[in-house]
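> got a predicted model here, sequence first, then my questions.
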Amino acid sequence: MKRYVLRQLVQLVVVIIGISILSFGILYVLGDPVLLLLPQNAGKEEYERYHRLLGLDKPLYVQYWKFASKAVQGDFGKSWYADTPAFRLVLERMPPTLYLTSAGLVTALLIALPLGILAALKRHSFLDNLCTMIAVAGQAVPIFWLGIMLIIIFAVRLKALPASGYGTWQHFLMPAFCLGAFLAPITMRLVRSGVVEVMNMEFIKTARAKGVGERMVVIKHAFRNACIPVITVLGLQFGQLLGGAIVTETVFAWPGVATLAVDSIRNQDFPVVQCSVVLLALLIVSINFVVDMIVALIDPRIRVGA
Amino acid sequence: MGRLAASGSALLLALGLLAPAEVPAQTKDDTVVYAIQSDMQNWDPPNSVLRESIILGYHVFDHLAARDLKTGKVGPGLAVSWRNVDDTTWEVKLRKGVKFHDGTPFGAKDVKATFDRVLNPENKLTARGNHAKIKSVEVVDDLTARFKTDGPYPLFVERMTAQVMQSEKVMKEKGHEWMQENPIGTGPYKLVKWSKKQEHLLVRNDDYWGPKPQFKYARIRIIPEQATQIAELISGGVDVIKAVPPDQMDVINKSGQARTASSPILRTAMLQLDQAARSGPNPFTDVRVRKAANLAVDMNSIIKHVINGLGDRTATVVNPMAFGFDPSVKPYTQDAAAAKKLLAEAGYPNGVEVGFLTGPPIVEPAVQQTSEAISADLDKVGIRTKKRYVGEIGPYVNLVRDGKGGPMFEWSWGYYSVFDADAILYDVMKCGEAYSYYCNKALDDLIIQGRSTLDQKQRTEIYQKVQKLLSDDAAYIYKWGLRGVWGISNRIEYAAPRDEVDRMFTVTSRKK
Amino acid sequence: MKVLSAEGEVALKEVDAVIAAPTAAQVSLRRLRRLKWGLAAAAILLLIVGSAVLAPWLAPFDPLAVNIRHRLAPPAWLEGGTPQHLLGTDQIGRDLLSRMIFGGRVSLIVGVASVMISASLGVLLGLTAGYFGGRVDWTVMTLVNVTLTFPFVLLALAVIAVLGPSLTNMIFVLGIAGWPIYTRVIRAETMALREREFIVAARALGMSHARIMLGQILPNLVSAITVIGTLQVAQVIILESFLSFLGLGIQPPTPAWGNMLGEGRVYMLNSWWIAASPGAAIFITTLVINLMGNALRDWLDPHMKL
């Protein structure tokens, strides 16, 4: 077990370093990093000063080290668009996105878990096919269409919920549902295939052979072990959520970090781009790591030794 | 399974409740809500070009002079009277008893400090260009200030409505950085909280010297999606929205919750052509090609059908509401055959391909549709446009400013809400200015003359010559003066402002 | 997923087959019944592809023809519609049916081209990782993790925001972002096949690694690749529409389902048909592709982990 944890930790560190290299490298691929980092009305003396400050005359690895060491302290430079430190900007907008994505995940699970498990248990039945159809159809719906439709129905026609914004739990419902509905189809299919696989495993057959009732088989053995693929799936999905979050946040005017990242890319506000990418990636990687640890705790095969 | 669902829902609710509660609890009755499409960069109006900055600046700060929206005339604001001492000196008398939000009394020293800061080239404030004619400001006594100008400055009075008065004490003690996020003004509202890119919360200034706003709180929400803004308006979430696309007016009017109101505004739209070759050589350096472009488009039809008549055709860039407008200069009538002939004469018998920079529909709501229609007309005579779309207003403006907008790009100008031809001519037509892609010495001379004399009759004649020149030389593809459309909730009374500055402090509840 | 070893997997599958094997007739019947959805889907897909190919002859109007006097005309069956414009016209009078047909071309080209790029990349990397194992495997899997962690959306946005939106740039970005999915599956399958007798024999005979990977292992993976590729085309079509929603996809006036949806989204409250036709097109196309892909998977290898 210890070896497993260690291996995962190493991978986590490597991935983070990889991401930081990528974010650092973006600037160089895209052009002159000094020009990109400075506000547009800076003069020649500013340019020279920044050039020296960033150490562009030094070799690349030295520059990267400077970037990385400052980044670790939370210094990503100032957003030239808003004239405030990039780190603070990104941190301010993290909580709304976190709420939204967590709620979206929970919603997706609420829909996907029961449907997925049912479909897996009653494989090839009418119910299974129906669920598959719904999942496939759900994956085909563009999420912003869904978002605008929700607004039209619940805010405009029914006047039951506020159309957009952030603050109360009513503001929360539609965006969370939108994101959840976006995730639910693929989650359902993954749950289904995960459960199917578990159901075919040796210990289930053993339990059946022992004569344990079908219900007990399902509840005790299958369900508990089905959690493994489900949790793993969840970990993977958090990264996917970002795409859904961008659109959801735009349509519902949700003040999250996804729209900040998109806006800063379009505004060419690179300190904020770098900061949001690194922090978001850090978040995703950490979640994946936690997920792996939970799976490792549950799954006896990993615990005993792999 | 039921237990799972229950715990899941509980978790969801818990997460929702955890979402941080807003700052002072406002009720619907004491809060007016205004929506804008994008947030400003800072709360320091001279340090920003965005219209949102100007609008929000009106709420927290005051100007020396104020425009009467009904008559369009400039009246007293923080200044109660003004006069020319001589050709290059203006003397302004200030209002007594005005206090800044932090309690500091307002006086001539603040006027001096504001202008000194704006005019200082080292501060690199964007408002500097607007007041370049002011050489210095002197404090005569606590309530009197004297402006020395670089030659006669006829726009002085108009321009007094375009600069907010900031506190000398704040500048000295807090400094530039602090001022970006903490506006201390003398205005009808004070800033309570700024959640970046989400919303601003303002509270009424109960010590305000002028008419106090009816609504205690004003919330300015940033809602980027046009469809969402309209949905919010008709579901009661927002009270005022601006720049409503003409196509969506019926949605609002049929809703029963809100209505639309329109007003001609100073904002004038055009397609700039790179005659000055700032972005490099291009076909529009030839006057025949520019004329052909103007002749190719059936502008009247586009106004009628694409924006439902919500535009007033202009012959040049001068708006009908601006001082100096000459109605005798007529706009181009469509003549595709003549256009093709001119193109052939210019050496393009088989037409020519040109790049076309387009931007987001922030200040001109129907610009995407109208540009498509214009492109189609241009294409019919052989001017084939290749579109390049920049989706954010910030980078778009920067591209134009840095000379990378050519050979053709969408542009509109709000005149900084100054109702004078000079307010557009200098910035958008004068050779060498950041937002001008036209270079004509004869025009430049006229522009300088126009702003160097205080004689209104003389100025009128000068601007007549200007407009004839602009039309004959087909400097740009001229479009129209916009008619702004506002969406207004039926629970309030509000008049569409012709200077494109929304004033939430004038909003009152509708009588039942 | 770290479940059983490769041998265990194989053994389990064989046991499973023995336990669950119904009569031959039952198998064929069940297969055909499940296939009927797939066949129907394939037929519709053929129609869609056919109409895209035959667009210049099928479309009643030039998709770029502007007619501002007839703008915002509703579909023929609604009040105000004319039979001339079956699906109505858009905000500057272009015929929506013609634009939808031509738009299909773009969506399908982008889908197929980018999938070919990501498949080639992904399969190659997956083969290498699965075959050589050890350090190579670890490196590739770390690359997979980094790519999956780095929010694809941000990557796509950053690249396109800088390179400029165009057909080729989109294909490029979507191509290099989609490879991890192939790698994971191919790697697992390669690992399973690696120990099989015919591979061991080939090694003993002295065949080069390349020949074994490409000549012996790869042919067995064709079914997996086909299924993944098919499903990915649907994914890419949705991604294209998403990028166009943000203004970074195919630029107007060239019709593409994505940018048509984006242009139509302001009109959803009144002239809803502008967004409805490309929306329906995306929905139906991705739906049938998914159905066909599922049927394909069920037919070729029901135990495939996807």
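Now that the structure is in, tell me what you want to look at.
> which residue is the nearest non-sequential neighbour of the residue of the stretch 101-250 of chain A found nearest chain C?
Closest to chain C within the stretch 101-250 of chain A is A:A140: 3.8 Å, counting by CB to the nearest CB. The way it works is simple: take the backbone N, C-alpha and C, and place the C-beta from them, glycine included. Computed as CB to CB, 6 or more residues apart in numbering or on different chains, the closest residue to A:A140 that is not its neighbour in sequence is C:T286, at 3.8 Å.
> for that neighbour, pull up the helix or strand it's in.
Applying DSSP states H and E as the criterion places C:T286 in helix C:273-300.
> other SSEs contacting that helix?
Helix C:273-300 is packed against helix A:126-139, helix C:24-53, helix C:96-132, helix C:218-245, helix C:257-264, with contacts defined by 3 or more CB pairs under 8 Å, 6 or more residues apart in numbering or on different chains; DSSP states H and E.
> make TSV out of those helices and add mean neighbour count, distance to chain B and mean pLDDT.
Output for these, formatted as TSV (neighbours: other CB atoms under 10 Å in any protein chain shown; distance: least, CB to the nearest CB, whole Å; pLDDT from 0 to 100):
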stretch	mean neighbour count	distance to chain B	mean pLDDT
helix A:126-139	18	14	79
helix C:24-53	14	24	78
helix C:96-132	22	13	90
helix C:218-245	21	11	82
helix C:257-264	26	7	84
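> out of the ones you listed, nearest to A:F154?
Nearest to A:F154 among the helices and strands packed on helix C:273-300 is helix A:126-139; the distance by CB to CB comes to 18.8 Å.
> rewinding a little: next one, pLDDT for the residue of the stretch 101-250 of chain A closest to chain C please.
With respect to pLDDT, A:A140 has a value of 75.
> and it, how many neighbours does it have?
21 (other CB atoms under 10 Å in any protein chain shown).
> A:S23 too?
The burial count assigned to A:S23 is 23, neighbours taken as other CB under 10 Å.
> tell me the phi and psi of it?
phi -70, psi -40 (degrees, to the nearest 10).
> which parts of the helix holding C:T286 are buried?
Residues of helix C:273-300 classed as buried by neighbour count (16 or more other CB atoms under 10 Å in any protein chain shown): C:273-279, C:281-298.
> secondary structure element for B:W82?
In this structure, B:W82 sits in strand B:79-86 according to DSSP H and E.
> gap between C:H209 and C:R194?
11 Å (CB to CB, to the nearest Å).
> scratch that, B:A277 is what I was asking about
B:A277 sits 65 Å away from C:R194, going by CB to CB.
> comparing those two, which shows the higher neighbour count?
Under the criterion of other CB under 10 Å, the comparison of B:A277 against C:R194 puts C:R194 first, with 18 against 15.
> get me the contact residues on the stretch 301-450 of chain B for chain C.
Within the stretch 301-450 of chain B, the positions near chain C by CB under 8 Å from any CB of the partner chain are B:301-302, B:305-306, B:360, B:368-369, B:372-373, B:375-376, B:387-389, B:391.
> farthest-apart pair in the residues you listed, please.
The widest separation within those (CB to CB) is 28.3 Å, between B:S301 and B:G391.
> more neighbours: those two, which one.
B:G391 (18 against 14).
> and for the residue of the stretch 1-150 of chain C found nearest chain A, the neighbour number?
Nearest to chain A, among the residues of the stretch 1-150 of chain C, is C:V146, at 4.2 Å (CB to the nearest CB). Burial of C:V146 is recorded as 21 neighbouring residues (other CB under 10 Å).
> that one: what's it in contact with?
Taking CB atoms under 8 Å, 6 or more residues apart in numbering or on different chains, we find C:V146 in contact with A:15, A:18-19, A:22.
> quick revisit: from A:I134, how far out is the residue of the stretch 101-250 of chain A closest to chain C?
11 Å.
> surely B:A475 is within a strand?
No - counting by DSSP: H, G, I helix; E, B strand; the rest coil, B:A475 is not found in a strand; it is coil.
> do you know the pLDDT at the residue in the stretch 151-300 of chain C that chain B sits nearest to?
Going by CB to the nearest CB, chain B is nearest to C:G247 of the stretch 151-300 of chain C, at 4.1 Å. With respect to pLDDT, C:G247 scores 71.
> on the three-state scheme, the nearest residue to it once chain neighbours are set aside is what?
Nearest non-adjacent residue to C:G247, counting by CB to CB, 6+ apart: B:G391, 4.1 Å away. What three-state DSSP gives for B:G391 is coil.
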